[in-house]
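K.L.:
structure, please.
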Amino acid sequence: MPWNQATLPESQKEASIIASSVKSATSLALIQFLGRIFTFLLNQYLVRHVTPRTFGIAIVQMEFFMSTVLYISREAFRNAALRSHHDPKNARKIQEIVNLSHVPTVIGLMVAILTAVYLMLIHGTSQQTAMEWWQFKTCLGLYAVSCMVELMVEPIFVLMQISGHLHARVILEAVATMSLCLTTLVVALSDAVAVEQHKFGVAAYGIGRVASSAVLLTGYLIFIRLKRHEILPVTATSTSWYRYLMPARISSDRPPSSTISTTRSGKIVINDAPPTYLFNRNKLHIAGTLTKQNIVRHFLTEGDKFLLSLLSSAVEQGVYGFVFNYGSIVARTVYISMEETFRVAFGQMEDTTATSQGTKSPRKSHQVSQSMRLYMLCVRFHLLTGLILISMGSTYSKAFIHLLAGPRWSVDTNAPQALSLFCFLLPLIGINGISESFVASTASPNVIAQQSRYLMLFFAAFAIFGALNLRLFKLGAIGLILANMMNMGLRISWCVRYISQRGGYTIADLILQCSPTTPALFSAFIAFAVSWGVNLYFGVELWSPWLLNISCGVLTG
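P.N.:
Next comes the predicted model:
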């Protein structure tokens, strides 16, 4: 049941917010897990019927377009709008939220035009047929339509969030994701078996996106109409509810000031109406500040896709997208959950430490040592799982790809080599995530600002090294993974320096405390050697030796 914050005392209000948030987070995690399994199975079937070039355009360029438009235009305004309390009796507050939530549509249109022009310019220089160029433009247009539809439902999304209808939003997004996968799969399969094959090509992904956005829009509209009395002002009726979702000027609660104007006929008119406004200035200022930060943060996050779209071919983009999708399964399902969980734990320990400081208690060193032990335990976990991934995953990447995607990817591309290298990147991603979570939970604002400056320098180094690997050394996806490894290493080194100083360790001592034991390292080396040997001897092309190869690998692991 949705909660109404306005009718609860402070203690119950906080309890309701926490309980609803925890329940929603649990449901969201479960639905995302099930959705990822469903998406993975559908994509697994889909990837066998699309070319690496099509996959690269869809996964790298189109996803870069969509994430750029949506993240830059709506994330900051969404965060600012969500700082409001919901009260159906306060029509002014609801209208402020609705007005602010319409701004992303305008910004998104401008960002979409700029990003589309950029992608068309760099894509127009590549070698392609007239059909491929038509497919690309069609897909880009469909993705733009999908983005605008999703931005149009932003007012409904925000109102559902602050009114406590979190489960409905989670379910609607899950249904939309499934419709995306099913539509894309149906169009791609029909395109593969048609007389004129590959007529749609990458446009199949665009059709799936539009179908997903249409399902989302329809679901949101139906839900808010049914729950209008709980979400919209109490004056909303079954025939006028949609008007409360439109932007409108708001009457201020300040006393009216008389204004005198003259009509064309010379008649003097005195206006005693109260002043009106469109936006809450405080929230608009917050949204503007966050938007500036999000632009920088977005290009730090999406730097690899930006470099790929600029400096590599669509086939190389497809290989990288393929490897990243498979290789980051562990990061998306395990590492992110650990980061979110332990970020809270580190923050709670820091809060306890701060309280102890205020009361002159000797517990500060105890709390610091507790947080340090937890951090070192997490790092050791990442290193141990990394040893397993490196010893097994790096040697069995070709067998894995051959089983799931077929010889088109395992033989005709360098995806196996790229996935092998990605296994070495995974533990670095995990250690960097938990290290930056520790810093974010314990560092002062000055230290955070210093970290941001260093992140910009590290990104510049990543961009230069990645560009050299792509353009000069022609390493493709492998070159970009190497650049990511360098970037992760630099970010980890900065965090380790801060964490060691805070915990009273030298850097060497901290590294030694986090390192796996000698037997673990020796076991990983033996597993790597055996796996590499049986993989080299048996190969992956024939089923009987391939199954024996995998069996030996499992026993070795």
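K.L.:
name the helices or strands packed onto the helix or strand containing Phe223?
P.N.:
Secondary structure from DSSP states H and E places Phe223 in helix 203-226. Under the contact definition 3 or more C-beta pairs under 8 Å, 6 or more residues apart in numbering; DSSP states H and E, helix 203-226 sits against helix 130-152, helix 154-162, helix 166-193. To be clear about C-beta, it is placed using only N, CA and C from the backbone, and glycine gets the same treatment.
K.L.:
point out where the stretch 151-300 of the chain drops to low pLDDT.
P.N.:
195-198, 254-274 (pLDDT under 70).
K.L.:
actually the stretch 301-450 of the chain, not the one I wrote
P.N.:
The stretch 301-450 of the chain contains residues with pLDDT under 70 at 333, 337, 340-341, 344, 347-368.
K.L.:
not counting sequence-adjacent ones, nearest residue to Ile492?
P.N.:
Leaving aside its chain neighbours, Ile492 sits nearest to Asn432 (5.1 Å; criterion: C-beta to C-beta, 6 or more residues apart in numbering).
K.L.:
A strand includes the one you found, no?
P.N.:
No. Using DSSP: H, G, I helix; E, B strand; the rest coil, the secondary structure at Asn432 is helix, not a strand.
K.L.:
quick one: residues contacting it.
P.N.:
Asn432 makes contact with 488, 491-492, 495, according to C-beta atoms under 8 Å, 6 or more residues apart in numbering.
K.L.:
also Ile122?
P.N.:
309-310.
K.L.:
from Ala144, how far off is it?
P.N.:
17 Å (C-beta to C-beta, to the nearest Å).
K.L.:
same thing with Ile37?
P.N.:
30 Å.
K.L.:
now swap in Leu180 and tell me
P.N.:
Counting by C-beta to C-beta, the separation of Leu180 from Ala144 is 16 Å.
K.L.:
which ones are touching the residue most central in space within the chain?
P.N.:
Closest to where the C-alpha atoms of the chain average out (C-alpha atoms, centre = their mean) is Ser67, at 8.2 Å. Ser67 sits next to 298, 302 when contact means C-beta under 8 Å, 6+ apart.
K.L.:
can I assume it sits in a strand?
P.N.:
No. According to three-state DSSP, the state of Ser67 is helix, so it is not within a strand.
K.L.:
these two touch, right, Gly489 and Leu428?
P.N.:
Yes. Look at Gly489 against Leu428 with C-beta atoms under 8 Å: they come within range, at 6.5 Å.
K.L.:
quick one on the thing from earlier: including distance to Leu109 and mean neighbour count, could the helices and strands packed on helix 203-226 go into JSON lines?
P.N.:
Output for the helices and strands packed on helix 203-226, formatted as JSON lines (distance: least, C-beta to C-beta, whole Å; neighbours: other C-beta atoms under 10 Å):
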{"stretch": "helix 130-152", "distance to Leu109": "7", "mean neighbour count": "19"}
{"stretch": "helix 154-162", "distance to Leu109": "13", "mean neighbour count": "22"}
{"stretch": "helix 166-193", "distance to Leu109": "22", "mean neighbour count": "18"}
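K.L.:
please identify which of these is closest to Ser101.
P.N.:
helix 154-162 (4.0 Å; C-beta to C-beta).
K.L.:
other SSEs contacting that closest one?
P.N.:
helix 63-81, helix 91-124, helix 166-193, helix 203-226.
K.L.:
would you turn these into CSV with distance to Arg408?
P.N.:
Shown next, in CSV, are these (distance: least, C-beta to C-beta, whole Å):
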stretch, distance to Arg408
helix 63-81, 21
helix 91-124, 23
helix 166-193, 12
helix 203-226, 17
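K.L.:
mind checking these for the one nearest to Leu374?
P.N.:
helix 63-81 (28.5 Å).
K.L.:
the closest one - what's its average pLDDT?
P.N.:
Helix 63-81 shows a mean pLDDT of 91.
K.L.:
indicate which one of the helices and strands packed on helix 154-162 is closest to Met456.
P.N.:
helix 63-81 (17.6 Å).
K.L.:
mind listing what's buried along that closest one?
P.N.:
Within helix 63-81, the residues that qualify as buried are 63-78, 80-81, counting by 16 or more other C-beta atoms under 10 Å.
K.L.:
now do it: distance to the chain's middle.
P.N.:
11 Å (C-alpha atoms, centre = their mean, to the nearest Å).
K.L.:
got it, and stretch 199-209?
P.N.:
22 Å.
K.L.:
can you give the contact residues for that stretch?
P.N.:
Taking C-beta under 8 Å, 6+ apart as the rule, stretch 199-209 contacts 50, 54, 57-58, 62, 66, 131-132, 135-136, 138-143, 146, 179-181, 183-184, 187-188, 191.
K.L.:
at 7 Å instead, please
P.N.:
54, 57-58, 62, 132, 135-136, 138-139, 142-143, 146, 180, 183-184, 187-188, 191 (C-beta atoms under 7 Å, 6 or more residues apart in numbering).
K.L.:
repeat for stretch 485-495
P.N.:
By C-beta under 7 Å, 6+ apart, stretch 485-495 touches 424-425, 428-429, 431-432, 435-436, 439, 451, 454, 458, 461-462, 465.
K.L.:
do the same with stretch 460-479
P.N.:
303, 307, 311-312, 316, 319-320, 323, 414, 417-418, 421, 480, 482-483, 486-487, 490.
K.L.:
what's the span of it, first residue to last?
P.N.:
Distance across stretch 460-479, first residue to last, is 16 Å (C-alpha to C-alpha, to the nearest Å).
K.L.:
give me the number of residues near Met110?
P.N.:
Met110 has 12 neighbours, counted by other C-beta atoms under 10 Å.
K.L.:
how near is Ser391 to Ile329?
P.N.:
Counting by C-beta to C-beta - Ser391 and Ile329 are separated by 18 Å.
K.L.:
the more surrounded of Gly489 and Leu428?
P.N.:
Using other C-beta under 10 Å, the more surrounded residue of Gly489 and Leu428 is Leu428, with 19 against 13.
K.L.:
so what's that one up against?
P.N.:
Leu428 neighbours (C-beta under 7 Å, 6+ apart): 485, 488-489, 492.
K.L.:
circling back to that earlier point, Ser391 and Ile329: which is more packed in?
P.N.:
Taking other C-beta under 10 Å, Ser391 and Ile329 do not tie; Ser391 has more neighbours (24 against 12).
K.L.:
please report phi then psi for that one.
P.N.:
phi -70, psi -30 (degrees, to the nearest 10).
K.L.:
wait, it touches Ile526, no?
P.N.:
No. Taking contacts as C-beta atoms under 7 Å, Ser391 lies outside contact range of Ile526: 8.4 Å.
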